[in-house]
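Engineer: Pasting the sequence and the predicted coordinates here, then a few questions.
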There are 2 protein chains.
Amino acid sequence: MNPSDHDKSCCEVVAAHENITKELLGKMPPEEDLYDLADFFKVFGDSTRVKILYLLLCSEMCVGHIAATLGMTQSAISHQLRFLKQMKLVAAKREGKTIFYSLADAHIESILSQGYEHIKE
Amino acid sequence: MNPSDHDKSCCEVVAAHENITKELLGKMPPEEDLYDLADFFKVFGDSTRVKILYLLLCSEMCVGHIAATLGMTQSAISHQLRFLKQMKLVAAKREGKTIFYSLADAHIESILSQGYEHIKE
DNA sequence: CAAACATATGAGCAATTGCTCATATGTTCA
DNA sequence: TGAACATATGAGCAATTGCTCATATGTTTG
């Protein structure tokens, strides 16, 4: 759609041409995917979780170690790790009493670095 | 740090070696950047904003057109666009009465598509 | 200038979020 | 088996979020 089409009255045109609307919506991913996508990015939208992901980028770590490093409660970290695990961003591996978490998705590093590029401008 | 170091007692080791903690923190971006990064990703963590970004990926659009296409209030969209603009993800360009919004960052498309790859597995 | 249109914005509210606190589960070792 | 350790989890609460509603700002045209 060309912006110059809107010269007289933008939204009257919109109301008249619902076919254009449908065409645009057709080019987008299905509604449900967009919800899943937002939920996925919600994971990166909290600084505690971002910190955890950066730590796991260095090496796998146990819950207590993550909590100590970030200066936070074991409980708080455990809750966040559960969320990260549900979203399939981390994987858990038990070794005796302790449980090691590691990154479970190859996209994480590049997503983080692209976000980082954006804020550094 | 090697996971096998934790064989006896993970978190006692952690408490004893704060230097390791500091070394890990040193490899991460500074605290403030991590907050900014989380704020940046927060933008993608809402389905309305994701939808807006996908629409603008097709072409620039005015507020009323976005609202009509998504079946949402002009006010709701305008609020979200203000947020997107603050985060420098979209740019506004006035043409008479109407204001056209367009994507303002080259990373958006690849960030969205990498997220999309993740949820499609 | 007044009316019509497009967008922006402040206040308020329901829903969600991220933490804390207390407690439960699971593992090892004496 | 019981004590110590590592982690998980449910309830509850303060803070944040995304919307609505009413209204303000800004632009064009008669």
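Structural biologist: Yep, that arrived.
Engineer: contacts, neighbours, all on C-alpha from now
Structural biologist: Fine.
Engineer: Okay, helices next: where are they in chain A?
Structural biologist: With helices called from DSSP state H, chain A shows them at A:10-16, A:18-27, A:31-42, A:47-58, A:63-70, A:74-86, A:107-119.
Engineer: Next, the angle from the last one to helix A:47-58.
Structural biologist: Pointing back at helix A:107-119 there. 120 degrees (axes from the mean of the first three to the mean of the last three CA atoms, to 10 degrees).
Engineer: Wondering if helix A:107-119 reaches chain B at all.
Structural biologist: Yes - Helix A:107-119 lies within reach of chain B by CA under 8 Å from any CA of the partner chain, at A:H107, A:I111, A:Q114, A:G115, A:Y116, A:H118, A:I119.
Engineer: circling back to that earlier point, quick one, which of the helices of chain A is nearest to B:I77?
Structural biologist: B:I77 lies closest to helix A:10-16 among the helices of chain A, at 14.1 Å (CA to CA).
Engineer: related to what we said a few turns ago, got the helices of chain A as TSV, with mean pLDDT columns?
Structural biologist: TSV is the format used below for the helices of chain A (pLDDT from 0 to 100):
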stretch	mean pLDDT
helix A:10-16	60
helix A:18-27	74
helix A:31-42	96
helix A:47-58	97
helix A:63-70	95
helix A:74-86	97
helix A:107-119	91
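Engineer: Now list the buried members of the residues of helix A:107-119 next to chain B.
Structural biologist: Among the residues of helix A:107-119 next to chain B, those scoring as buried are A:I111, A:Q114, A:G115, A:Y116, A:H118 (criterion: 16 or more other CA atoms under 10 Å in any protein chain shown).
Engineer: and DNA strand D, which of these contact it?
Structural biologist: Among these, no residue lies close to DNA strand D (CA under 7 Å from any atom of the strand).
Engineer: between these, which is closest to A:S75?
Structural biologist: Nearest member of these to A:S75, counting by CA to CA, is A:I111, at 27.0 Å.
Engineer: Test my guess that the closest one contacts B:I111.
Structural biologist: Yes - under the criterion of CA atoms under 8 Å, A:I111 makes contact with B:I111 at 6.1 Å.
Engineer: Chain A - how does it break down into domains?
Structural biologist: For chain A, automatic domain parsing gives the domain ranges A:3-36, A:46-119.
Engineer: from these, which stretch is densest packed?
Structural biologist: Stretch with highest mean neighbour count among the domains of chain A: domain A:46-119 (a mean of 17; mean count of other CA atoms under 10 Å in any protein chain shown).
Engineer: Quick one: end-to-end length of it, please.
Structural biologist: For domain A:46-119, the first-to-last residue distance is 15 Å (CA to CA, to the nearest Å).
Engineer: nearest spatial neighbour of the spatially most central residue of chain A, skipping sequence neighbours?
Structural biologist: Geometric centre of chain A, nearest residue: A:F41, 2.0 Å, by CA atoms, centre = their mean. With sequence-adjacent residues excluded and distances taken as CA to CA, 6 or more residues apart in numbering or on different chains, A:F41 is closest to B:G45, at 4.8 Å.
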